[in-house]
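Q: When you get a sec, could you give me coordinates for this:
(chains A, B, C and D)
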There are 2 protein chains.
Amino acid sequence: MDAKRKDIHNSDIPVLCRACEARHRGVCGALSTDQLVILNKQSTLKRVDSGVELIGEAQQAESYSNIISGVVKLTKMMADGRQQIVGLQFAPDFLGRPFRADSGITADTATEVNICSFPRTMIDRMIKDTPELEHKLLEQTLKELDEARDWMLTLGRKNASEKVASFLYLIATHINPELQAGSVSFELPLTRSDIADFLGLTIETVSRQMTKLRKDEVILIRNNRQVDVPDLGRLAERASQ
Amino acid sequence: MDAKRKDIHNSDIPVLCRACEARHRGVCGALSTDQLVILNKQSTLKRVDSGVELIGEAQQAESYSNIISGVVKLTKMMADGRQQIVGLQFAPDFLGRPFRADSGITADTATEVNICSFPRTMIDRMIKDTPELEHKLLEQTLKELDEARDWMLTLGRKNASEKVASFLYLIATHINPELQAGSVSFELPLTRSDIADFLGLTIETVSRQMTKLRKDEVILIRNNRQVDVPDLGRLAERASQ
DNA sequence: CTGCCGCCTTGACTTTGATCAAACCGCGCT
DNA sequence: AGCGCGGTTTGATCAAAGTCAAGGCGGCAG
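A: Here you go, the predicted structure:
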């Protein structure tokens, strides 16, 4: 209802924001038209290649971003090189850790990504003035916490084949957020190595479980990356969820 | 600074709140003296035995709480009975999922616990009126998210002995929040079975790794529950952190 | 076309932690 | 004291996933 009212004044909304999902499902939905205009003057739209570090040791994170398209992976690393992907972010997620520069996490693009970046100081100021913005951030953070805890169950208690099925199910439902049952087709945003880091497995084990799912006709693999799921329900069963 | 100013008017603050950690490090720090008085009239202090379900299938969660003392475990369960502890909460953590009744998580007391409970509707209203309260909730949620992601690395990439050492390190640092290095002594708030559910292991493996740490003189076990850590640094090494 | 390179798959073998089974320990009870 | 009980430890065996090694596939540069 509120969103609809704003759309009446669509002409006042910055061009870049008009078609942006972040205004509907993301944090920008908390902002007034005036605020959008101000923010828009400072924001920059960037196309980023796959495999680029957005936040991390090298990148000191002077900005926050909204993901417009593509997939970003959040990774934690141990001193000896072992690593674990602790989250995947899709459009229109908000990227960046408020109130703290470093949280020991690096964010890398898993695919080609488009982001809308803002100066950190600007957002920090807007958060202070606009409780509604902080509310949106709390909502996203709670959602991420729920997802992190779901994944803890997967990491701690599922076996390799359930883990791989869980991953495919996660991707299937996030790439095509509408589909509930029936058949889905999508391109995996992660390499086998990334999938292994997400699942706490090795690439060999991931590969073996993928071929097992293929032989059991739960999935159909085209180009290593392109996957068809004829029956999402059967995949969910394999994931034990 | 702000807290100090409030303490000058200590006499106006409800008796129950005066010594309460939640007013200093918890969410109640966001509230004015007036709000504390109002909230106090509706709040109830409860002593709860170990092993009681606070939030879950049975309990429909009509209230939020602050933990005054003791440890609460957050558990996720699979249909076939496998379960994973996805978080531990200590005083003065806020207990309850805002904006949603059910998140598939149950909260059980791991020890005897004292909580201060409030009606859900009352807090939901205060959140709307007091941005500072929402800010505190966002801070705690971000802290929980950081902890969840730390633990994902442990679950996904550490071996059994590193997991057990990580758990002991976590407890040591949370029970005695001041100690940095040197020796610590504490009582484990969890049974071997809970520890196994927290670490994604079996009780036998937990037991074996504990005796290994004991034989290597990293820890000293008294009554199965009472543990001495002569050198916290050496324990941290074993946890690879 | 050919060869190389990155990514993925497959196979043989090893290791880690799970499973099954038995015994132990402290404690409250009769 | 003797008993039973929950929680814990220990040992023997097994299975799942890791490791090491080889080979395949597809795209791209020469």
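
Q: Enumerate every residue touching A:Ser226.
A: Careful, residue A:226 is Gln; it's not Ser. Each residue near A:Gln226 by CB atoms under 8 Å, 6 or more residues apart in numbering or on different chains is listed here: A:Ser185, A:Phe186, A:Glu187, A:Leu188. Bear in mind the C-beta positions are built from the backbone N, C-alpha and C, glycine included.

Q: what's downstream of the lowest-mean-pLDDT helix or strand in chain A, the next helix or strand?
A: When each helix and strand of chain A is scored by mean pLDDT, DSSP states H and E, helix A:2-8 comes last, with a mean of 49. Under the assignment DSSP states H and E, the closest C-terminal helix or strand after helix A:2-8 is helix A:15-18.

Q: Format the CA atom coordinates belonging to that following helix as CSV.
A: C-alpha atoms of helix A:15-18 as CSV (Å, rounded to 0.1, in the frame of the first residue of the first chain):
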residue,chain,number,x,y,z
VAL,A,15,15.9,6.9,-12.7
LEU,A,16,18.3,4.3,-11.3
CYS,A,17,16.1,3.5,-8.4
ARG,A,18,12.8,3.1,-10.4
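
Q: That one packs against which elements?
A: helix A:33-42 (3 or more CB pairs under 8 Å, 6 or more residues apart in numbering or on different chains; DSSP states H and E).

Q: Sheet partners, orientation included, of the next helix or strand after the helix it packs on?
A: Moving toward the C-terminus from helix A:33-42, the next helix or strand (DSSP H and E) is strand A:44-48. Strand pairing for strand A:44-48, using DSSP bridges, gives strand A:113-119 (antiparallel).

Q: Could you pull out the buried residues of the partner strand?
A: Across strand A:113-119, burial judged by 16 or more other CB atoms under 10 Å in any protein chain shown covers A:Val113, A:Asn114, A:Ile115, A:Cys116, A:Ser117, A:Phe118.

Q: hang on, A:Gly182 in a helix?
A: No. Counting by DSSP: H, G, I helix; E, B strand; the rest coil, A:Gly182 falls outside a helix, being coil.

Q: A:Ser65 reaches A:Leu95, doesn't it?
A: Yes. The pair A:Ser65 and A:Leu95 passes the contact test of CB atoms under 8 Å, sitting 4.5 Å apart.

Q: neighbour count winner among those two?
A: Neighbours were counted for A:Ser65 and for A:Leu95 using other CB atoms under 10 Å in any protein chain shown; A:Ser65 has more, 28 against 20.

Q: ranges for the strands of chain A?
A: A:44-48, A:53-55, A:63-69, A:72-77, A:83-89, A:94-95, A:106-109, A:113-119, A:184-187, A:220-221, A:226-229 (DSSP state E).

Q: Would you mind giving those as CSV with distance to DNA strand C added?
A: Putting the strands of chain A into CSV (distance: least, CB to the nearest atom of the strand, whole Å) gives the following:
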stretch, distance to DNA strand C
strand A:44-48, 17
strand A:53-55, 16
strand A:63-69, 21
strand A:72-77, 14
strand A:83-89, 14
strand A:94-95, 23
strand A:106-109, 13
strand A:113-119, 17
strand A:184-187, 11
strand A:220-221, 6
strand A:226-229, 10
